[in-house]
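Engineer: no sequence on this one, just coordinates:
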Ligand code: DGL
């Protein structure tokens, strides 16, 4: 059985696990959420890099076949393609080609944390492949606490989304990247703030597609309702709302073991 270690600053990276589970339902997932140090999105590149190394170093003990950095802020500092001789995937590279294929008017929006926006990594990677695409990057720092609070489809979240997404509407972006693994939780508010025609791209889906091509596997069907994933969740701080968040992302019936660990 393929063992994959997935790492995020918190619980939002489970949106990536959810996408991977649809493609690789039989894999064993070990998920590390660095909840004690969340958010990464307002920290410096040096601090994020040192957290990334520490978390990947911790996961080495599980001897995984694959590492996944399921956090965009951490992915800005994850430049290597391998970790200790095993493939290392980030959540930024998989969306770049998809964005370039999908945009019709060459105007792409990226919504992400401040750390990701300040790195300009999306603009750089998209423009290296296609310099004609205008990339409008917008930090949405309130989205992570709103998602963690469970304010999904809430009028306040809708208003905040409308305000954050004003520059993307003004520029008539036809393609928008959810450049933070928490944001799929707020997808309905994001959709309401944009025109129906806008194509939304989420890193989890793009990564699952890339990994499917990489490992040359075909999707194995499973029944979503009765499916129990092989998933262990490790967190560096265990607050009461963590299991609520996990069920919010993976579904109410998903009771996964959660362990509090020290790095
Ligand atoms: N998971 C992080 C990301 O994708 C967002 C949360 C944080 O700021 O740490 O950027």
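Structural biologist: Ah, there it is. On a predicted model such as this, the values are computed, not experimentally measured, just so you know.
Engineer: Could you use CA atoms for every contact and neighbour count after this?
Structural biologist: Fine.
Engineer: Which residue comes closest to residue 178 once chain neighbours are left out?
Structural biologist: What sits nearest to residue 178 in space, not counting adjacent residues and going by Cα to Cα, 6 or more residues apart in numbering, is residue 202, at 5.2 Å.
Engineer: Just list the residues touching that neighbour, thanks.
Structural biologist: Going by Cα atoms under 8 Å, 6 or more residues apart in numbering, residue 202 touches 95, 177-179, 184.
Engineer: ok, and of those, which contact the ligand?
Structural biologist: Among those, not one lies near the ligand by Cα under 6 Å from any ligand atom.
Engineer: Now intersect these with the strands, please.
Structural biologist: 177-178 (DSSP state E).
Engineer: closest to residue 148 among the contacts of residue 202?
Structural biologist: Nearest to residue 148, judged by Cα to Cα, of the contacts of residue 202 is residue 184 at 12.1 Å.
Engineer: wait, what's in contact with the residue most central in space within the chain?
Structural biologist: Central residue of the chain (Cα atoms, centre = their mean): residue 181, 2.5 Å from the mean position. With contact taken as Cα under 8 Å, 6+ apart, residue 181 is in contact with 12-16, 70-72, 203-204.
Engineer: Just the buried ones among those residues, please.
Structural biologist: Buried subset of the contacts of residue 181 (neighbour count, 16 or more other Cα atoms under 10 Å): 12-16, 70-72, 203-204.
Engineer: Would you mind listing what in the stretch 1-150 of the chain touches the ligand?
Structural biologist: 8-9, 12-13, 38-41, 71-73, 113, 144.
Engineer: Could you report the neighbour count for the residue lying closest to residue 134 once chain neighbours are set aside?
Structural biologist: The spatial neighbour of residue 134 that comes closest, neighbours along the chain excluded (Cα to Cα, 6+ apart), is residue 107 at 5.0 Å. By other Cα atoms under 10 Å, 20 other residues sit near residue 107.
Engineer: Likewise for the one 5 residues further on?
Structural biologist: By other Cα under 10 Å, the residues close to residue 112 number 26.
Engineer: any idea how far the residue nearest to residue 134 is from residue 184?
Structural biologist: Distance, residue 107 to residue 184, using Cα to Cα, to the nearest Å: 21 Å.
Engineer: circling back to that earlier point, let's have the residues of the stretch 1-150 of the chain next to the ligand in CSV, adding distance to residue 254 and secondary structure.
Structural biologist: Listed next are those as CSV, based on distance: Cα to Cα, whole Å; DSSP: H, G, I helix; E, B strand; the rest coil:
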residue, distance to residue 254, secondary structure
8, 19, strand
9, 21, coil
12, 16, coil
13, 16, coil
38, 23, coil
39, 25, coil
40, 27, coil
41, 28, coil
71, 22, coil
72, 25, helix
73, 27, helix
113, 28, coil
144, 22, helix
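Engineer: which residues sit against stretch 27-37?
Structural biologist: So stretch 27-37 is contacted by 1-11, 13-14, 17, 21, 55, 59, 229-238 (Cα under 8 Å, 6+ apart).
Engineer: just stretch 47-63 next, same as before
Structural biologist: 5, 7, 32, 34, 40, 67, 73-74, 77-78, 83-84, 263.
Engineer: okay, now residue 120: neighbour count?
Structural biologist: Neighbours of residue 120 (other Cα under 10 Å): 15.
Engineer: what sits against it?
Structural biologist: Counted by Cα under 8 Å, 6+ apart, residue 120 has contacts residue 137.
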